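**Student:** fold the following for me, if possible:
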Amino acid sequence: PALPRAPEHLKVPGSVDHSTARGGGGHVTVQVAARLDCVSLPNSTVTQRLRETTFTAWCNSHLRKAGTQIENIEEDFRDGLKLMLLLEVISGERLAKPERGKMRVHKISNVNKALDFIASKGVKLVSIGAEEIVDGNAKMTLGMIWTIILRFAIQDISVEETSAKEGLLLWCQRKTAPYKNVNIQNFHISWKDGLGFCALIHRHRPELIDYGKLRKDDPMTNLNTAFDVAEKYLDIPKMLDAEDIVGTARPDEKAIMTYVSSFYHAFSGAQKAETAANRICKVLAVNQENEQLMEDYEKLASDLLEWIRRTIPWLENRMPENTMQAMQQKLEDFRDYRRLHKPPKVQEKCQLEINFNTLQTKLRLSNRPAFMPSEGKMVSDINNAWGNLEGAEKGYEEWLLNEIRRLERLDHLAEKFRQKAAIHEAWTEGKEDMLQKRDYETASLSEIKALLKKHEAFESDLAAHQDRVEQIAAIAQELNELDYYDSPSVNARCQRICDQWDALGALTQKRSEALQRTEKLLETIDQLYLEFAKRAAPFNNWMEGAMEDLQDTFIVHTIEEIQGLSTAHEQFKATLPEADKERLAILGIHNEITKIVQTYHVNIAGTNPYTTINPQEINAKWEKVRQLVPQRDQALIEEHARQQNNERLRRQFANQANVIGPWIQTKMEEIGRISIEMHGTLEDQLTHLRQYEKSIVNYKPKIDQLEGDHQLIQEALIFDNKHTNYTMEHIRVGWEQLLTTIARTINEIENQILTRDAKGISQDQLNEFRASFNHFDRDHSGTLGAEEFKACLISLGFDIANDAQGENEFSRIMSIVDPNRMGIVTFQAFIDFMSRETADTDTADQVMASFKVLAGDKNYILADELRRELPPDQAEYCIARMAPYTGPDGVPGALDYMSFSTALYGESDL
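**Tutor:** Next up is the predicted model:
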C-alpha cells in the first residue's frame, strides 16, 4: 500500500519523482564504478564509498515515497530538512516543525530535532553531534544513517528467539540451507560470489531466476543478476555495486546488512509458512530421534543377552581337572573374564537402562506412546539374566578355589605317600629272606643266643615301623576319599605293602617261636653285643626317623604354622647333644668289644650276631642327620619369608579394602542425600552430581590397585585374611552399584531438566514440587504411597473432596501416575503429572493445522509442496509415510496429512 506523501512543511527544494530518484542512484553507481576502473584505492576508501552508495540508495528507497531523493549523502542532510523527512517516512510519525532559515543556527536546530527523535526511540548516539552533520562530516553522517538503519530496518527482525543482526543472519541461513553451494556465515565474504542473493530470491520467487545456470566462479554475473531482478521485480533499489564487492577482499558488513535487510522485509510475508514448516520439522525430528533410540535399544539389548547366554554355560561347567596347572589356568581364565570381559558389559547394561529411561522420558514429553521392547528384552528381563550370570559366576569362583585346595592337598598327600612307601620298602627289602633263614639249626650256643637277641631287636624295629605302615594306609585312604586321579596305583602299592607287612608279621612270629625252642640249649651270650644291639637299634631307628622328619615336606598357610614348625625344629636341635652322647656311648661299647677281642684274642665269626647295625653305618647316618639339619633350617627360613610376604600381602590388601569399602558406602549415602535434597537449580544439582561422578571415576585407579593386590594374594594361594571383613567381591559389587547409582541419578536429573524445558516449568515450580514430595516422603524412600500422594496433591491446591466424586477423580489421577498399580508414585511420575497439569504441549490438532498452512488451506498436500517447505530428509520422511488422500476434492498425487498427524500421537508403526 502507498504511504501518505510527506507533509508540506517538510517539502524540500530539488525533489524529484520516483523514476528520477532511481535514475540518480544508478548514475551515482556508474560514476563509482568508473572511478574504480581508473584508480586502485585503499580498502578503507572503497569501504566508505560502498557505504555511501548503499546508504544513499537505502535513504532514497524511503524518500521516494515522499516524492524526493538525495544525491550526496554528505551534503543533502546538512540543513536537516531531508533528514527529518526521512525519519517521518520510516517511522510514520510527525516530527517538530522545522526551521526554514538558511543560517547555520537553523540547520543545527533541524538536525538536533532529528537526533532527539532518534534518541527518543531508545537509540544511544555516541559522539554524533548536530555540528558535525551540518559541517558535512562524512564519517559522522554515515554513522548516523547506520544508526537509523539498525533501529528501523534491522532491530525489529526476530527469528527463533534471536533478533537484530543474529536474527537476520539466522534467517539467511534458514532460507539458503537447501542450496549446497551457498554457506552464509557472516555479512561480508559469504556474499562475494553473489549466490547468496540469488538463493534468497529463488527460494521465495523461483520463477525469477534460473538458479541451475549460475556458476560460483562468475560472481559478477551472479551479483548483477540478483541486483537487477531485485530492483525490477521486488522493488528493492540497487544499493550495491558488483565491481566494489568483487574487488574488495572483505566487503563492508554494514552495507551488506542494509541491502539484505531489504530482502527480509520484502519476503516477511512468507514467515507464516516458515513457522508452520518449523513446527512440522520439530515434530518429525522428535519422531525420527525416538525411532533411532528404539533401534539402538533393541540392538544393545540383543547383544547383551546373547553375551550372557554364551557366558553362563561356561561358568556352570564344573568338570574338574587332574592337575594344579590345569586348574590354575582355569582360574587365570576366570580372572581375565572378571578383569577384561565383564567390565565393558557392566557399562553396556548401565547405558542400556539410561537409554531406556531417556527414551521413555522423551516419548512422554512429546505425547507419544510408551516404548515396549520386544519380548524378552525388557529391562527386567536383562536384570534377571544378569542376576543368573552373577549367581553362576559366584558359584564358579568358589568351586575353582575349592578344587585348587583339593588338588594342593592331594599333591601333598601323594608325595608324602611316595616318600613313606619308599622308606618302608627300602627297610623291608630282604627282611623276608632274613626271617626265612634256618641258620639257628647249625649255630652254636652263643650264636643261637645271638640270633635270638637279634630277632628281639628286629621285633622292636618291626614294632617301630608299625606306625609308618598305618600312616601309609591312612594316607592311601584319604587319597581315595579325595578322589585322587592316580588312586589305582596308590591302592596297588598300599596293598603290596600291607600284604608284605602281614607276611613279615607271620614270619617274625614263626622265627621267634623257633628261637625260643632252642634258647634253652644256649648258655652263653655276649652281653656286650647284646647291649650294643639294644642301644644301637633304637638309636638307629631314631636317626632314620630324624632323617625322615628332616626330609619330610611340609605345607603351611599362616605364619603361626611355620613358627610352630620352626619351634619344633629348634626343640629337635636341642636334643642333638644328648643324641651325640648316646652315639659316643654306643661306639664306646663297640670299641670295648674290639678291645676285649684284641686283648683276649677272641675268635668271632663274622659281625655282631644281634644286629646288622655297625659303627660305620651309625656314623654315616649321624653325619647325614648333621647335613640335613642346616638344610631344614634353610627350608624353614625360606617358608617363613614366604609366609611373612603372604602376611604383608594380607595387610596391604586389608589396609586398602578397609578404606575403599567405607568410602564406597559414604558415597552411596551422599548420592542418596543429593537426590532428595534441594540445593540450587537442577543444573546446579546436575553439575554437583557430575563432579561427584568425576571424583568417583578418578577413584578407579585405587580399585585397580586393589585388584592387583587381590591377584597377588590369589597367585600366592592365600585363602583367608583376618585383617579385614571386605573381600574383593564385596568391593567389586559396591563399586558397580556406586557407578550405576550415580549414572542413574544423573539420568533422573537430566530427565527432570528435559521435562522442565519441554513443559516450560520454572525452577520455583520444580522446587515447590520437590519440597512437597519430600515433605510427604516420610521414610525417604523416594516414593509416595497412595495416601501420601493424595495429601501432597491437596497441599498443592488440587480439589479432591472426601466423597464419591473426589475418589473417582483421585483414582483417575492414580491410573496416570501408577499405570502398573504398584501402589507407589515415583518422583519422575509425579513431575510428569504436574508438568501435564501446568504446561502446554504440541498436539495432533496443532500439527494438522500447520500442515494445512503449508497446503494452502486444502484438505490434502502435494509432494512438491512438502519438498519446497521442509528440509529434504523430513520431506521424504512424510512422503513415505503419508497415505493417499481419498476425499472427493483430491487430485492425483494428493497425500492425507490429517491421518498422518493423528498417527504421530497414537498407536502406529511410525
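
**Student:** which parts of this protein are strands?
**Tutor:** Secondary structure of the chain (DSSP state E): strands at 158-159, 162-163, 783-785, 824-826, 883-884, 895-896.

**Student:** quick one, which of these gets closest to Arg215.
**Tutor:** Of all the strands of the chain, strand 158-159 sits nearest to Arg215, with 29.8 Å by CB to CB. Every residue, glycine included, has its C-beta placed from N, CA and C.

**Student:** who does the closest one pair with, and is each partner parallel or antiparallel?
**Tutor:** Strand pairing for strand 158-159, using DSSP bridges, gives strand 162-163 (antiparallel).

**Student:** how many other residues sit next to the residue nearest to Gly194 when sequence neighbours are not counted?
**Tutor:** Once flanking residues are discounted, Gly194 sits nearest to Asn222: 2.8 Å by CB to CB, 6 or more residues apart in numbering. Neighbour count for Asn222, taken as other CB atoms under 10 Å: 25.

**Student:** what sits against Asn222?
**Tutor:** For Asn222, the residues meeting the contact criterion (CB atoms under 8 Å, 6 or more residues apart in numbering) are Asp193, Gly194, Leu195, Phe197, Cys198, Leu214, Arg215.

**Student:** how does the protein divide up, domain by domain?
**Tutor:** Per the TED database, the structural domains of the chain span 45-271, 282-411, 431-640, 648-752, 763-825, 846-909.

**Student:** make JSON lines from those domains and add mean pLDDT and distance to Ala422 to it.
**Tutor:** What follows is those, written out as JSON lines (pLDDT from 0 to 100; distance: least, CB to CB, whole Å):
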{"stretch": "domain 45-271", "mean pLDDT": "88", "distance to Ala422": "91"}
{"stretch": "domain 282-411", "mean pLDDT": "79", "distance to Ala422": "17"}
{"stretch": "domain 431-640", "mean pLDDT": "81", "distance to Ala422": "10"}
{"stretch": "domain 648-752", "mean pLDDT": "84", "distance to Ala422": "27"}
{"stretch": "domain 763-825", "mean pLDDT": "80", "distance to Ala422": "70"}
{"stretch": "domain 846-909", "mean pLDDT": "86", "distance to Ala422": "81"}
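
**Student:** Serialize those domains to JSON lines and add fields for distance to His424.
**Tutor:** Below are the domains of the chain laid out as JSON lines (distance: least, CB to CB, whole Å):
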{"stretch": "domain 45-271", "distance to His424": "96"}
{"stretch": "domain 282-411", "distance to His424": "20"}
{"stretch": "domain 431-640", "distance to His424": "6"}
{"stretch": "domain 648-752", "distance to His424": "31"}
{"stretch": "domain 763-825", "distance to His424": "71"}
{"stretch": "domain 846-909", "distance to His424": "84"}
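
**Student:** among those domains, which is the most enclosed?
**Tutor:** Highest mean neighbour count of these: domain 45-271, a mean of 18 (counted as mean count of other CB atoms under 10 Å).

**Student:** sorry, back to before: from the contacts of Asn222, which land in helices?
**Tutor:** Counting by DSSP state H, the part of the contacts of Asn222 found in helices is Leu195, Phe197, Cys198.

**Student:** format the strands of the chain as TSV; extra columns: distance to Gln691.
**Tutor:** Compiled in TSV, the strands of the chain are given as follows (distance: least, CB to CB, whole Å):
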stretch	distance to Gln691
strand 158-159	37
strand 162-163	32
strand 783-785	27
strand 824-826	25
strand 883-884	51
strand 895-896	51
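
**Student:** per-residue pLDDT of the nearest residue to Gln846 once chain neighbours are set aside, please?
**Tutor:** In space, and not counting its chain neighbours, Gln846 is closest to Arg279: 6.9 Å by CB to CB, 6+ apart. Confidence at Arg279, expressed as pLDDT, is 73.

**Student:** contacts only, for Ala537.
**Tutor:** For Ala537, the contacting residues are Ala457, Ser460, Asp461, Thr611, Ile613, by CB under 8 Å, 6+ apart.

**Student:** isn't the fourth one right next to Ala457, touching?
**Tutor:** Yes: under the contact definition of CB atoms under 8 Å, Thr611 touches Ala457, with a separation of 5.4 Å.

**Student:** which neighbours do those two share?
**Tutor:** Taking CB under 8 Å, 6+ apart as the contact rule, Thr611 and Ala457 both touch Ala533, Ala537.

**Student:** from Asp864, how far out is Asp552?
**Tutor:** Distance from Asp552 to Asp864, counting by CB to CB, to the nearest Å: 98 Å.

**Student:** ugh, wrong one, Arg626
**Tutor:** 110 Å.

**Student:** how about stretch 450-466 as CSV, C-alpha atoms only?
**Tutor:** Extracted in CSV, the C-alpha atoms of stretch 450-466 (Å, rounded to 0.1, in the frame of the first residue of the first chain):
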residue,chain,number,x,y,z
ALA,A,450,72.8,-114.0,69.3
LEU,A,451,70.2,-115.0,66.8
LEU,A,452,67.6,-114.7,69.5
LYS,A,453,68.6,-111.3,70.6
LYS,A,454,69.0,-110.2,67.1
HIS,A,455,65.4,-111.4,66.5
GLU,A,456,64.2,-109.5,69.5
ALA,A,457,65.9,-106.3,68.2
PHE,A,458,64.2,-107.0,64.8
GLU,A,459,60.8,-107.3,66.5
SER,A,460,61.5,-104.0,68.3
ASP,A,461,62.3,-102.5,64.9
LEU,A,462,59.2,-104.1,63.4
ALA,A,463,57.0,-102.6,66.1
ALA,A,464,58.6,-99.2,65.5
HIS,A,465,57.6,-99.5,61.8
GLN,A,466,54.0,-100.4,62.6
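
**Student:** now find how far off-centre that stretch is within its chain.
**Tutor:** Chain-centre distance of stretch 450-466: 79 Å, with CA atoms, centre = their mean, to the nearest Å.

**Student:** just want the most central residue of this structure.
**Tutor:** Nearest to the mean C-alpha position of the chain, by CA atoms, centre = their mean, lies Gln347 at 5.5 Å.

**Student:** picking that back up, Ala421 is nearest to which of the domains of the chain?
**Tutor:** Comparing the domains of the chain under CB to CB, the one sitting nearest is domain 431-640, at 5.7 Å.

**Student:** how far away is Trp542 from Tyr897?
**Tutor:** According to CB to CB, Trp542 stands 108 Å off from Tyr897.

**Student:** could you do Glu592 as well?
**Tutor:** Distance check for Glu592 against Tyr897: by CB to CB, it reads 130 Å.

**Student:** now do Arg493
**Tutor:** Here Arg493 is placed at a distance of 93 Å from Tyr897 (CB to CB).

**Student:** then Asn725?
**Tutor:** Using CB to CB, one gets 67 Å for the distance from Asn725 to Tyr897.

**Student:** list the contacts of Ser127.
**Tutor:** Contacts of Ser127 by CB under 8 Å, 6+ apart are Met140.

**Student:** and with 10 Å instead?
**Tutor:** By CB atoms under 10 Å, 6 or more residues apart in numbering, the residues touching Ser127 are Lys139, Met140, Gly143.

**Student:** on that earlier part again, isn't the residue nearest to the centre of the chain up against His341?
**Tutor:** No: taking CB atoms under 10 Å as the definition, Gln347 is not a contact partner of His341, at 12.0 Å.

**Student:** can you tell me, leaving aside adjacent residues, what's nearest to Cys76?
**Tutor:** Just so we're on the same page, residue 76 is Asp rather than Cys. Closest to Asp76 by CB to CB, 6+ apart is Ile70, at 3.8 Å.
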